[in-house]
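Asks: Make a model of this:
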Amino acid sequence: MMSKSKYLIPLFATLFLILLGIQVFFIYKTYQVKERDIYRSIQEGLSNYTDKLEDVSTKEMKDDSLQSIIIKYHDKEISKKEFLTHFLANRQPTREKLNRYISSRFKKEGYDISAKIQYYSIIHLPDSTKIIDQPIVIYETKNKVKNSKISTTSSWETSSTQRNDSNNKEIERKNTFLVKSKTEFEIANIKIIVFKELTLLIICCIILLASVLLLYIFTVKNLIRQQKQVEVLHTVVDNISHEFKTPIATLKIAAKTLKKDWNPETLPLIDRQIYRLETLMSQLHKDEIPDKVTAVKPEDWNFFIQDLAFTYSTADFTLENNISQELPFDKNLMETVIKNLCENSVKYGASNIKVNISSSQQHLEIEVSDNGFGMETKELKNIFEKFYRIQANNIHNNKGLGLGLYIVKRIVTEYHGKVQVSSQPKVGTTFKISIPYEN
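Replies: Predicted structure coming up:
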């Protein structure tokens, strides 16, 4: 289940990034539309007003003063400086009107606008002579235009006219000039204005993405929690099934012995194995270390080895028991440690197994050594892993789950102890266990 869920993480990440990209693209396009709408509305209002200003300015300039100024400058009757001074002075009133209009009309709506109107080309049409070589700024707000976003261009002609005396209906045009103008403006705080209008949309998108992300995290956490529960259940079942093997095998052998010949020592052995089976059954509903610990007595270590010797009659078990007091360890767990280590030795070819039990400086010391096949040094770091079994050269014929040493390691770890192992191929293996305790 978890292996499949590993693929869900990159899949979700990809889909989430796609969703995020779509949301960002949608917000970006909406931003562009809003920005264009704002510029368009301001452009329309500003263009209409500047057109009116230009009409008023033209009417206010009497005697065709604009025409005459351009003609004088074209004929070099006045200097460029005089031309510009006279040209701009007549538009000072309209410039002030434009500033007042922008301040009163757009700043009420929160727009920080800068605008500029300029003549960028004046051409004498008969000979296509350029009158100006640089744009002439006609109107400009106090705030200068730095980076115009919207600009519009327009052109118009100005000329002097007179009637032909021979034919009053015919009008003769003289000194015609083509004037091209350009209007530029920008909104300095356009980003702030647009983002204010998009605040609700952005918040909704963030909430949507956050909800999807939180839902996924919640789902993954539930999946991991359920997977851990399944793993715990499998571990308990694997451990208990492994532990059932020894007492069941011992009971079978004891039953056969009773059928052949009566032996008073067989009945206590059967009682011990039945008690162990009952304890294992109770572990299906309890933690690994029970709340009520049945302390291990000095003679219990002897019973552990006796049961093993009875079950594995082909192996020679030697016990050196130096324990003279009751120790605060669960009897069933200590039996599991001893029997798993000894059974592991038998499985891997040991005929002589020595067990040394002692107590030193508030530490229980357990040493199990054998003359089995032994192991390569590279295998020692893996033997305590769950389901791990040495397969090299098929050195064992006994089937197993690979749980014995895993259970030993876990029990010792629960008691804050340590396990050390040394081994040489074709020589044997030695396990040393040290577990601290208090009286």
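Asks: per-domain residue ranges of this protein.
Replies: 2-162+172-197, 242-436 (automatic domain parsing).
Asks: chain center to the first one: distance?
Replies: Yep, that's domain 2-162+172-197 we're talking about. Distance, stretch centre to chain centre, for domain 2-162+172-197: 47 Å (CA atoms, centre = their mean, to the nearest Å).
Asks: residue contacts, residue 341?
Replies: Shown in contact with residue 341 (CB atoms under 8 Å, 6 or more residues apart in numbering): 366, 368, 404-405, 408, 431. To be clear about C-beta, it is placed using only N, CA and C from the backbone, and glycine gets the same treatment.
Asks: run the last query once more with 6 Å
Replies: 368, 431 (CB atoms under 6 Å, 6 or more residues apart in numbering).
Asks: Setting aside sequence neighbours, what's the nearest residue to residue 72?
Replies: Sequence neighbours aside, residue 78 is the residue nearest to residue 72 in space, at 4.8 Å (criterion: CB to CB, 6 or more residues apart in numbering).
Asks: let me redo that: residue 12
Replies: Among residues not flanking residue 12 along the chain, residue 216 sits closest, at 5.5 Å (CB to CB, 6+ apart).
Asks: what about the one you found, how many neighbours?
Replies: 16 (other CB atoms under 10 Å).
Asks: Same check on residue 140?
Replies: When neighbours are defined as other CB under 10 Å, residue 140 has 17 of them.
Asks: Could you list the residues in contact with stretch 315-325?
Replies: 298, 301, 305, 308-309, 346, 351-359.
Asks: Pull the CA coordinates from that stretch and hand them back as PDB.
Replies: In PDB, the C-alpha atoms belonging to stretch 315-325 read as follows (Å, rounded to 0.1, in the frame of the first residue of the first chain):
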ATOM      1  CA  ALA A 315      22.300 -30.900  20.000                       C
ATOM      2  CA  ASP A 316      24.300 -30.800  23.200                       C
ATOM      3  CA  PHE A 317      23.300 -27.800  25.400                       C
ATOM      4  CA  THR A 318      25.600 -26.700  28.200                       C
ATOM      5  CA  LEU A 319      24.300 -24.100  30.700                       C
ATOM      6  CA  GLU A 320      26.400 -22.200  33.200                       C
ATOM      7  CA  ASN A 321      23.900 -20.400  35.500                       C
ATOM      8  CA  ASN A 322      25.400 -17.900  37.900                       C
ATOM      9  CA  ILE A 323      22.100 -16.300  38.800                       C
ATOM     10  CA  SER A 324      21.100 -16.600  42.500                       C
ATOM     11  CA  GLN A 325      18.300 -14.100  42.700                       C
END
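Asks: average pLDDT for that stretch?
Replies: Averaged over stretch 315-325, pLDDT sits at 91.
Asks: do the same with stretch 219-234
Replies: Mean pLDDT, stretch 219-234: 76.
Asks: what's the answer for stretch 349-369, then?
Replies: 92.
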